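Enquirer: sequence first, then the predicted structure:
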Amino acid sequence: MKRFGTAWQWIMLPLTALYGLAIWCRNLAWQTGWLKPEKVPVTVISVGNLTAGGTGKTPVTAWLAGILIREGFTVGLVSRGYGRSTRGFVLVSDGRSVLVTADQGGDEPVELARSLPGLLVAVSEKRLIAANHLCAHFKPDVLIMDDGFQHRALHRDMDIVVQDYPSWIGTHWLLPSGPFREPVSGLNRAHWLVWTRTAPGEWPVFRRTEPVHQALFAQEPATLIEWSTGNQWPVSSLPFRRVAAIAGIGDPDQFFLSLQKSRLPVVVTRAFPDHEPYPQPVKSDVVQWMLKAGCEALIMTAKDAVKWSAVDLPAGITGLMVLSRVVPDPSLARLSGEVIQRVRPS
């Protein structure tokens, strides 16, 4: 996660002031009706955040989509598809198969499409275009708008904001002095605030005048899957003695810490920028790095794994991705219950 020191904050203060003014004017235009969101004929649930960088938004989106699919709904996901090489509209999944690569559709949309059979996924810089396409061609019951809190052109029936607690602590400077995309007062638009990266059952200190429902979302590594064979191992019985771990996500340190807490035999770690595309020279460098450390396997997140394949590793080296489980919490049951009720009114 990017850190913002005091010197940087003051150096960037003029740009921060201009950015804050632009955000204030934009929000005012939506609040006064000068700008109006457009509706689609299905329920729209937005999952977004207040800060830039990794807050755990994608795992919350996957958890929510999985619940709705298991309830029997046809679920669509619309996303910008950050980090892809393409532009405009791309259909990532028709609910039966994944139609594009991570490079074409974005790593997070492709990851979600692969991990959730039946999920419709479309990407576009304009979420409304993606939403209209899914509604016209697939008739979903509900759309989830990924990273949609600031994307207000598409009407939503429910706003869920995901916030990691470490970013919340301290001052709430706006970009570029700090990590916040908009002032904390933006939470007045939210229906739910989902806290991530807290200890299970530990509620953050949170004070504000407007009421907002809150939930605790925590995950822990549960299963490791081998790319080439599909073999699975519980984290407690991995048959390797020396393992390397890489991560190209918003907060790689949090991922490495979770592996350490699970007592996996990780001896070396390497962090990459969020949405790292892993071109072939980088992959080759990673292989040489892990071989030098005497490692037998390479562990990464599911988001990273969509950009790797078994042919990228030499014989005798196993590629693994981590599947995590959501730690149950009563607040998550309340959140999922409200989402289901909005999709299926009584």
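Expert: Received the coordinates, thanks. A quick note: this is a predicted structure, and the numbers were derived from the prediction, not measured.

Enquirer: and the helix or strand harbouring residue 267, how far out from the chain's middle?
Expert: In the assignment (DSSP states H and E), residue 267 maps to strand 266-271. Distance, stretch centre to chain centre, for strand 266-271: 22 Å (CA atoms, centre = their mean, to the nearest Å).

Enquirer: can you check stretch 64-75 too?
Expert: Centroid separation for stretch 64-75 versus its chain: 18 Å, with CA atoms, centre = their mean.

Enquirer: can you give me the end-to-end span of it?
Expert: In stretch 64-75, first residue to last residue: 10 Å (CA to CA, to the nearest Å).

Enquirer: looking at the protein, which helix or strand is least sure?
Expert: When the helices and strands of the chain are scored by mean pLDDT, DSSP states H and E, helix 6-11 comes last with a mean of 80.

Enquirer: next helix or strand past that helix?
Expert: Using DSSP H and E, the helix or strand that follows helix 6-11 in sequence is helix 13-31.

Enquirer: mind listing what's buried in that following helix?
Expert: 16, 19, 20, 23, 27 (16 or more other CB atoms under 10 Å). The way it works is simple: take the backbone N, C-alpha and C, and place the C-beta from them, glycine included.

Enquirer: pLDDT (mean, whole number) over stretch 107-117?
Expert: For stretch 107-117, mean pLDDT is 97.

Enquirer: now what about that stretch, what contacts it?
Expert: Residues outside stretch 107-117 that contact it (CB atoms under 8 Å, 6 or more residues apart in numbering) are 58, 61-62, 65-66, 69, 75, 77, 79, 81-83, 92-93, 95, 98, 100-102, 105, 119, 121, 123, 146, 275, 302-307.

Enquirer: buried residues, stretch 282-295. List them.
Expert: Within stretch 282-295, the residues that qualify as buried are 286, 287, 290, 295, counting by 16+ other CB under 10 Å.

Enquirer: among these, which are in helices?
Expert: 286, 287, 290 (DSSP state H).

Enquirer: doesn't residue 246 make contact with the first one?
Expert: Pointing back at residue 286 there. Yes - applying CB atoms under 8 Å, one finds residue 286 in contact with residue 246, separated by 6.2 Å.

Enquirer: SS state for the closest residue to residue 120 other than its chain neighbours?
Expert: Of all residues not flanking residue 120 in the chain, residue 76 sits nearest, at 4.0 Å (CB to CB, 6 or more residues apart in numbering). Here residue 76 is recorded as strand under DSSP: H, G, I helix; E, B strand; the rest coil.

Enquirer: could you measure from residue 76 over to residue 306?
Expert: Noted for residue 76: a distance of 19 Å to residue 306, by CB to CB, to the nearest Å.

Enquirer: what's the answer for residue 118, then?
Expert: With distances taken as CB to CB, residue 118 is found 18 Å from residue 306.

Enquirer: who has more neighbours, these two?
Expert: Between residue 118 and residue 306, counting by other CB atoms under 10 Å, residue 306 is the more crowded of the two (26 against 15).

Enquirer: residue 115 versus the more buried one, what's the distance?
Expert: For residue 306, the distance to residue 115 (CB to CB) stands at 9 Å.

Enquirer: what about residue 42, how many neighbours?
Expert: 18.

Enquirer: just to check, it is in contact with residue 144?
Expert: No - counting by CB under 8 Å, residue 42 stays clear of residue 144, with 10.8 Å between them.

Enquirer: right, and residue 161 touches residue 49 too?
Expert: Yes - in this structure residue 161 lies within contact range of residue 49 using CB under 8 Å: 6.0 Å.

Enquirer: what's the overlap in contacts for these two?
Expert: By CB under 8 Å, 6+ apart, the residues touching both residue 161 and residue 49 are residue 149.

Enquirer: more crowded one of the two?
Expert: Comparing residue 161 with residue 49 by other CB under 10 Å, the one with more neighbours is residue 49, at 27 against 24.

Enquirer: which ones are touching that one?
Expert: Residue 49 makes contacts with 55, 57, 147, 149, 161, 162, 163, 181, as judged by CB under 8 Å, 6+ apart.

Enquirer: for residue 44, give me phi and psi.
Expert: With angles defined as degrees, to the nearest 10, residue 44 sits at phi -120, psi 130.

Enquirer: thinking again about what came up before, hey, what's in contact with both of residue 286 and residue 246?
Expert: 270, 298.

Enquirer: where does pLDDT dip in the chain?
Expert: Applying pLDDT under 70 to the chain picks out residues 1-5, 200, 206-211, 346.

Enquirer: helices of that one, start to end?
Expert: Along the chain, counting by DSSP H, helices occupy 6-11, 13-31, 57-70, 102-105, 107-115, 127-138, 165-168, 252-261, 280-292, 302-305, 330-343.

Enquirer: follow-up on the earlier one: from the contact counts, what lies against the least confident helix or strand of the chain?
Expert: Helices and strands touching helix 6-11, as assessed by 3 or more CB pairs under 8 Å, 6 or more residues apart in numbering; DSSP states H and E, are absent.

Enquirer: got a list of contacts for that helix?
Expert: With contacts defined as CB under 8 Å, 6+ apart, helix 6-11 is touched by 16, 171, 173, 177, 178.

Enquirer: filter these down to the buried ones, PyMOL style.
Expert: Applying 16+ other CB under 10 Å to these, the buried members can be selected in PyMOL as follows:
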select buried, resi 16+173+177+178
